[in-house]
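In: Structural data only, the sequence is not supplied:
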C-alpha cells in the first residue's frame, strides 16, 4: 500500500536517518535533482548504507536514480540493486525505449551481482510532453513497470507554461496518465504539492488526485504525509459499502442468482474488484467495518 | 588498496561527519574529533577502522570530524573518502 | 528628599554593602544586560569579597563573573538559568561553593520564606522616575515585563533602581512602585537593545520538529482540555513555538475561545491573542519586540510578577490555573524525570526557569523532544540531573511516538481513541537505541558544582563537575 511517498535528499544524513519515522508509506531516496554532480558518488554510498543499515520496517524504499542520459544511472543501479529497493524511480522517461534500456541494464546487473532476476520494479517518472504522449507505451513496456509517476514541475517547463496551484495546466497530463496506467494494469502516483506552508492547498490537491483515480501522491514535505495518507485512506462509508458489495455477492451465490443489485445499482466485476481492493486496504490499515 | 591522493567527504552539518584522508608512509593514523566522543568515541574509531580494513587500506592518515553521525553515515563517508582518494570518483 | 545617587559606586557604599552579603539582579535584559557587570565591577573595585550573586538568570554576557569568582569577590551564585558559556566554567569547577539553582517560582518563594535573603537588589529599569517608580515597557532599552524583579524589590533590604531613561515624577504606568525603592542611579546604558529582545523568533523549519509540533497540537486536541476557557503556555524553542502555530489553527477551526496565554510571551502568543484564541496574556517576561509592543499597547496583555506567575507560597499563582504547557528537554528518563540543566556532556547550559513550576501546575505538561540529537538518545535510564520530577510530567512527544506517563492512563486512553501513536517509553528508548547505538555513560567528576533546589525549597538533585578529557 502506497498512499504517500516522501522524497528525501540523498546526500543529507539529517533527513535520511529520519526516513522511517516520518509516517510515509514509501520514501523516495533522491540521487537526482537533490544531489549536486560533485556529490553523486557520496549520495549513492550514503543512500545504499541507509538502506542497508537502517530499519525502515513498515516503509517502502524507492530510489530515484539519475536519468538514462547521464553518466550516473548505471553506477546508481549497481550500488542500489543489492539493497533490494521496492521500486526504482526512473526520471525523465520519454519512451518505452528508455524503460527497456534501464531494464536491460538491470537484467545484466542482477545476473552479474547474483540477484533475483526481475525482482525490482520500475516506476517511470513522466515529466516531459513526450513522456505524457507515450504514457501507455511506457506503462506497458515491460512487466517490470509497476506504476507511473507524474512530475509536474519539469513537465510544465517542457510545456512552456506556468506551474500554478490550481493545476489546470496539468489536467490533461493527470487524466492521460491515470488512463494509461489503468489500461496497462499498473498504479499511478501524483506529483508533489510544493507549497509546504499551504495546508488547505495540499488537502485540495490530494483530493483532486484521488478523485481522478491516482493510487497515491508524492510529497517533498514530511508535513504533507499525514494529509495525503488521510485523503487516500478509504472512508468508513467506502469500507462499509465494500463489505455490503461482498455480502450481496455471497447472498446472490447462495441463491443461485446471476445479476445482483445493491441500492438499485448493478454489481458487476469492476465494482467487486474495487470492493476487494478497499477491503484489503482497510485490513492493512486495521480499519474495520462499522456494526 | 591504499589511497594515492588527499581526498575528503561529508560535511560539518549536524548528523554528518567530515572525513579527510591522505596517503601515509606506514600504518593507520586516525585523528578523531566528535561532539559525542565521550559516549561513542571508541565505536566511531572502530567503525572507521572496519571500513578502512574492508577497503584494504593499510596505511593512511585519516582525520574525522564527527557531528553526531550515525554509524551507517560514518561508514558511507569513510568509504566515499577512500574511493575519492583512489581517484575512483 | 532625593533618592538620586550620582554613581553605582556611591550607591553601593550608601547601601552599606559588606563582605559576605548578597546582591540580586533580574534577567529581563537577557544577553544585552550591562547592569550586573557594571555593579560587579564596582564591587570588585571597592575591594569587597565573598559576595553572593542572586540573579534570576545569567547569560553569556555575564562571563566577567568568572574573573570575580577567581578573585574571590564572588563566592556564591544563585540563579534559575545559566547559559552555556558561564555554565561550562561552573561545570569545570571555578566555584568552591555549589551554585544554587532555583525555579522562577521557587526564587521569590525562598525570598518570601526568608531562606534566600537579599541585602541589596539592583533593578535595571528601562524607564524610571527620581523616586524609583519604574517600568520596562518604554525607553531605549525597553524589555517589556519586569516580572522577575518584583520579588527583589519587595524582599531585599535595600533596593536600587538603575535606569538609562530618567523621566519626571511621577512615571505613568509604572510596574514597580517607589515605596520599595531606596535609591535611583542614572547610567548611560543599562543594556544593548540588540541583546535584550530578539526580533520575532522564527518557528523551526526542521521537518522532524514540525512533525513533532503537529503531533503535540493533536495531543492537546485529543486531551479533552481544548474547550472554551482553555489556557496555555509554551516555551520559546523552535518546535514548541511551531506547536503553538498548529494549535492556533485547530482553535480557530473549532472556534475554541481560550482564556489566557501565560509565561514568557512571544509574537506567536500575541498573534493568538489578536486572533481571538485567548482573552488575556499574562506576561512575566517578553521574548521579542512584538511582545513588548503588545504589552505596551494592548490592555488585554498584562504584566505579572514571578510570584503571581509561579510561586508555591503565593495565595494562588497563575500556573495553578494552567491547562497545558509545552516544554523542552535535553534528557528524559523512563520515570519521566526531565533534565534541562545540563547538555550532552554534562555541562551546565540552562536551568529550570519556569519548567518545573508550570509542569507542577498545569493539568497537562508535555515535553516535545526528538528521539535523538546528534546520535544521543533523548531517553536515558536516569537523567544526568533531575530538573523537573517525573511525577509532574504527563507526556513525551517525539517523532517516533508519544509516551504517556503511566500515572495518566486516562490521557493514554484518550490519545489512543484519537488514533495517535502511543508507545511505551521503554520501547521508545529501545527503538531509539537501535538507531543510534547505546551511548557509554558519561564520566562524572567528583565535585558537586550545583544544587537543584525544587520549588518547594528541597534539594532535588546535584550537578557534578565534568572531568577534563584525557
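Out: It's in. On a predicted model such as this, the values are computed, not experimentally measured, just so you know.

In: which SS class is the closest residue to chain B within the stretch 201-350 of chain C?
Out: Using Cβ to the nearest Cβ, the closest approach of the stretch 201-350 of chain C to chain B is made by residue C:345 at 6.5 Å. For glycine as for every other residue, the C-beta is placed from the backbone atoms N, C-alpha and C. Here residue C:345 is recorded as coil under DSSP: H, G, I helix; E, B strand; the rest coil.

In: tally of neighbours for residue C:447?
Out: 16 (other Cβ atoms under 10 Å in any protein chain shown).

In: okay but it is in contact with residue C:465, surely?
Out: Yes. Judged on Cβ atoms under 8 Å, residue C:447 makes contact with residue C:465 at a distance of 4.4 Å.

In: Relative to residue C:52, how far out is the residue of the stretch 201-350 of chain C closest to chain B?
Out: Residue C:345 sits at a distance of 27 Å from residue C:52 (criterion: Cβ to Cβ, to the nearest Å).

In: Run through the chain and note the low-pLDDT ranges.
Out: Because you didn't say which chain, this covers chain A. Within chain A, the set of residues satisfying pLDDT under 70 comprises A:291.

In: you looked at the wrong chain, it should be chain C
Out: Along chain C, segments meeting pLDDT under 70 span C:199-201, C:469-470.

In: residues from it in reach of chain B?
Out: With Cβ under 8 Å from any Cβ of the partner chain as the criterion, chain C comes near chain B at residues C:344-345, C:373-376, C:435-437, C:439-440, C:442-443, C:469.

In: Which ones among those lie within strands?
Out: In this view, the residues of chain C next to chain B that belong to strands under DSSP state E are C:373, C:376.

In: and the residues of chain C next to chain B near chain A, which?
Out: The overlap between those and the neighbours of chain A (Cβ under 8 Å from any Cβ) comes to residue C:435.

In: For ChimeraX, what selects the buried ones among the residues of chain C next to chain B?
Out: Of these, the buried ones can be selected in ChimeraX as follows, counting by 16 or more other Cβ atoms under 10 Å in any protein chain shown:
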select /C:344,345,373,374,375,376,435,436,437,439,442
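
In: State which one residue of chain B is found closest to chain C.
Out: Shortest chain B-to-chain C distance, computed as Cβ to the nearest Cβ: residue-wise this is residue B:68, at 2.5 Å.

In: so which strand or helix has that residue?
Out: Here residue B:68 is covered by no helix or strand, with elements defined by DSSP states H and E.

In: same check, this time on residue C:110
Out: Element membership of residue C:110, judged by DSSP H and E, is helix C:106-113.

In: buried sites along whichever helix or strand comes after that helix?
Out: Next in sequence after helix C:106-113, counting helices and strands by DSSP H and E, comes strand C:120-125. Buried residues in strand C:120-125, counted by 16+ other Cβ under 10 Å: C:120-125.

In: hang on, the earlier thing: what is in contact with residue C:447 and residue C:465 at once?
Out: Jointly contacting residue C:447 and residue C:465 under the rule Cβ atoms under 8 Å, 6 or more residues apart in numbering or on different chains are residue C:93.

In: Which is the succeeding secondary structure element to the longest helix along chain A?
Out: Longest helix of chain A, by residue count under DSSP state H: helix A:236-255. Scanning the chain past helix A:236-255 towards its C-terminal end, the next helix or strand to appear is strand A:261-262 (assignment: DSSP H and E).

In: got a list of contacts for the helix or strand just after that following strand?
Out: Sequence order places strand A:265-266 as the next helix or strand after strand A:261-262, per DSSP H and E. For strand A:265-266, the surrounding residues in contact (Cβ under 8 Å, 6+ apart) are A:259-260.

In: What are the buried residues along the helix holding residue C:110?
Out: Taking 16+ other Cβ under 10 Å as the neighbour-count basis, helix C:106-113 is seen to contain the buried residues C:106-112.

In: Same check on stretch C:76-96?
Out: Within stretch C:76-96, the residues that qualify as buried by neighbour count (16+ other Cβ under 10 Å) are C:76-83, C:85-95.

In: centre of the chain versus stretch A:109-116, how much separation?
Out: Using Cα atoms, centre = their mean, to the nearest Å, the mean C-alpha position of stretch A:109-116 is found 25 Å from that of the whole chain.

In: got the residues of chain A near chain C?
Out: A:15, A:17-18, A:21-23, A:54-55, A:199, A:221-223, A:226.

In: Leaving out chain neighbours, which residue sits closest to residue B:50?
Out: Counting by Cβ to Cβ, 6 or more residues apart in numbering or on different chains, residue B:75 is the residue found nearest to residue B:50 once chain neighbours are left out, at 7.8 Å.

In: measure the one you found to residue A:143 for me?
Out: 35 Å.

In: higher neighbour count, the two?
Out: More neighbours sit around residue B:75 than around the other of residue B:75 and residue A:143, counting by other Cβ under 10 Å; the figures are 23 against 12.

In: show me where chain B has helices.
Out: In chain B, the helices defined using DSSP H lie at B:37-54, B:71-85.

In: Tell me where the stretch 151-300 of chain C has strands.
Out: In the stretch 151-300 of chain C, strands defined by DSSP state E, counting those that start in this stretch lie at C:158-163, C:183-186, C:231-234, C:260-265, C:280-286, listed in chain order.

In: Please identify the pairing partners of the first one and their relative orientation?
Out: To tie it back to what came earlier, the one meant is strand C:158-163. Each strand that pairs with strand C:158-163, with its direction, by DSSP bridges: strand C:120-125 (parallel), strand C:183-186 (parallel).

In: which stretch among those comes nearest residue B:79?
Out: strand C:120-125 (56.0 Å; Cβ to Cβ).

In: and the next element down the chain from the closest one?
Out: Helices and strands here follow DSSP H and E; after strand C:120-125, the next one along the chain is strand C:127-128.

In: what packs against that following strand?
Out: In terms of contact count using 3 or more Cβ pairs under 8 Å, 6 or more residues apart in numbering or on different chains; DSSP states H and E, strand C:127-128 is assigned the packing partners strand C:134-135, strand C:158-163.

In: mind giving me the domain ranges of chain A?
Out: Per the record, chain A has its domains at A:4-232, A:236-284, by automatic domain parsing.

In: ok so, going back, out of the strands of the stretch 151-300 of chain C, nearest to residue C:298?
Out: Among the strands of the stretch 151-300 of chain C, strand C:280-286 comes nearest to residue C:298, with 8.1 Å by Cβ to Cβ.

In: tell me how far that closest one is from the chain's mean position?
Out: If you compare the mean C-alpha spot of strand C:280-286 with that of the full chain, they lie 13 Å apart, counting by Cα atoms, centre = their mean.

In: what about residue A:56, distance to chain C?
Out: Counting by Cβ to the nearest Cβ, to the nearest Å, the separation of residue A:56 from chain C is 11 Å.

In: Let's verify the closest residue in space to that residue that isn't next to it in sequence: helix, strand, or coil?
Out: Once flanking residues are discounted, residue A:56 sits nearest to residue A:20: 4.7 Å by Cβ to Cβ, 6+ apart. For residue A:20, the reduced secondary structure class is helix; criterion used: three-state DSSP.

In: For burial, what's the neighbour tally of residue A:20?
Out: A count of nearby residues for residue A:20, using other Cβ under 10 Å, gives 21.

In: contacting residues for it?
Out: Residue A:20 is in contact with A:54-59, counting by Cβ under 8 Å, 6+ apart.

In: Poorly predicted segments of chain B, please.
Out: B:89.

In: what does it have sitting close to chain C?
Out: Among all residues of chain B, those adjacent to chain C (criterion: Cβ under 8 Å from any Cβ) are B:14-15, B:35-40, B:42-43, B:67-71.

In: most surrounded residue in those?
Out: Neighbour counts for the residues of chain B next to chain C were taken using other Cβ under 10 Å; the highest belongs to residue B:69, which has 33 neighbours.

In: Pull the distance from stretch C:54-68 to the chain's centre.
Out: Between the mean C-alpha point of stretch C:54-68 and the mean C-alpha point of its chain there is a distance of 15 Å (Cα atoms, centre = their mean).

In: before we move on, the earlier item: would you mind finding the most buried of the helices of chain B?
Out: Among these, ranked by average contacts under mean count of other Cβ atoms under 10 Å in any protein chain shown, first place goes to helix B:71-85 (a mean of 25).
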